[in-house]
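J.: Below are the sequence and a predicted model; questions follow.
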Amino acid sequence: MKKIISMLLCVIFCFACFAPAAFAADQKTIKVATNVAFPPYEYYEDEKAVGIDVDIMQAICDKLGYKMELSDMEFGSIITAVASGKIDVGFGAITITEERAKSVHFTTSYSTGIQSIIVKEDSPIASVEDLHGDKIKIGVQQDTTGDIYATGDFGEEHIARFNKGADAVQALLTGKCDAVIIDNSPAETFVAQNKGLKILPTVYAEEEYGFELSYDNEELYNEVNGALEELLKDGTVQKIVDKYINAD
């Protein structure tokens, strides 16, 4: 009898040891992508990707039981990667537009943003109208709505494109451009990190952000969008936003 009990205990012990590993191996993986250079939405902290978008996507994965596998890629490659099926979900404070919606399926908007203008503190540029000068050069992050809007409003010859918003800000500091158009939250971060810069009080554009999925994967879209809407409703998304952006 003692031998039988010992064998049973051994079986139970072995199951307890190996069951979690088996579950982890069976856990579904969702491939996501962003450009980890856009604080406070996505940036590196101690070599780990963090930020509003990253935390919201992680909360969605936790709710659905997915393991998140994140790729860091150029901003302009994200939508193409999603549309081609290389990536399951794309994000990066990406504005919902009719043109982009032709390629990818946007979720419900999870955040509202504005495009702001950064200039040097002693700059003569005081409004959007002042950007129309003949010799004005405007720095933007390539393929963002700031790039798209500014090119349409001020002309290709007045635009200086950079792979990262931080590179555009550095160009402003070194006199290679006269202003930078970028989302307001990262604009505030860049101004706080670099002395001698300011954000104009004028709002350049207003927009809504969403996550992007392929039209070919309707099942995953419904799962992700449904989870996002629940997280919006129960206040989780707002808590994440408040964690990174001081409401005051």
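T.: Yes, it's here. Numbers count the residues shown, from 1 in each chain.
J.: Give me the domain ranges for the protein.
T.: Listed domain ranges for the chain are 26-110+210-244, 114-206 (source: automatic domain parsing).
J.: Buried residues, stretch 82-96. List them.
T.: By neighbour count on 16 or more other Cβ atoms under 10 Å, the buried set for stretch 82-96 is Val82, Ala83, Ile87, Asp88, Val89, Gly90, Phe91, Gly92, Ala93, Ile94, Thr95, Ile96. Just so you know, the C-beta spots here come from the backbone N, C-alpha and C atoms, and that holds for glycine as well.
J.: how about the nearest residue to the most centrally placed residue in the chain, chain neighbours excluded?
T.: Residue closest to the mean C-alpha point of the chain, counted by Cα atoms, centre = their mean, is Gly92 at 2.0 Å. Spatially, and ignoring its direct neighbours in sequence, Gly92 is nearest to Thr34 (4.2 Å; Cβ to Cβ, 6 or more residues apart in numbering).
J.: what's the pLDDT at that neighbour?
T.: pLDDT recorded at Thr34 is 97.
J.: Any idea how many residues pack against it?
T.: 27 (other Cβ atoms under 10 Å).
J.: So what's the residue count around His158?
T.: For His158, the neighbour count with other Cβ under 10 Å is 20.
J.: what do you get for Tyr215?
T.: 13.
J.: Let's verify it: helix, strand, or coil?
T.: coil (DSSP: H, G, I helix; E, B strand; the rest coil).
J.: tell me which residues of the lengthiest strand in the chain are tucked away?
T.: When the chain is parsed with DSSP state E, its longest strand is strand 111-120. Within strand 111-120, the residues that count as buried by 16+ other Cβ under 10 Å are Ser111, Gly113, Gln115, Ser116, Ile117, Ile118, Val119, Lys120.
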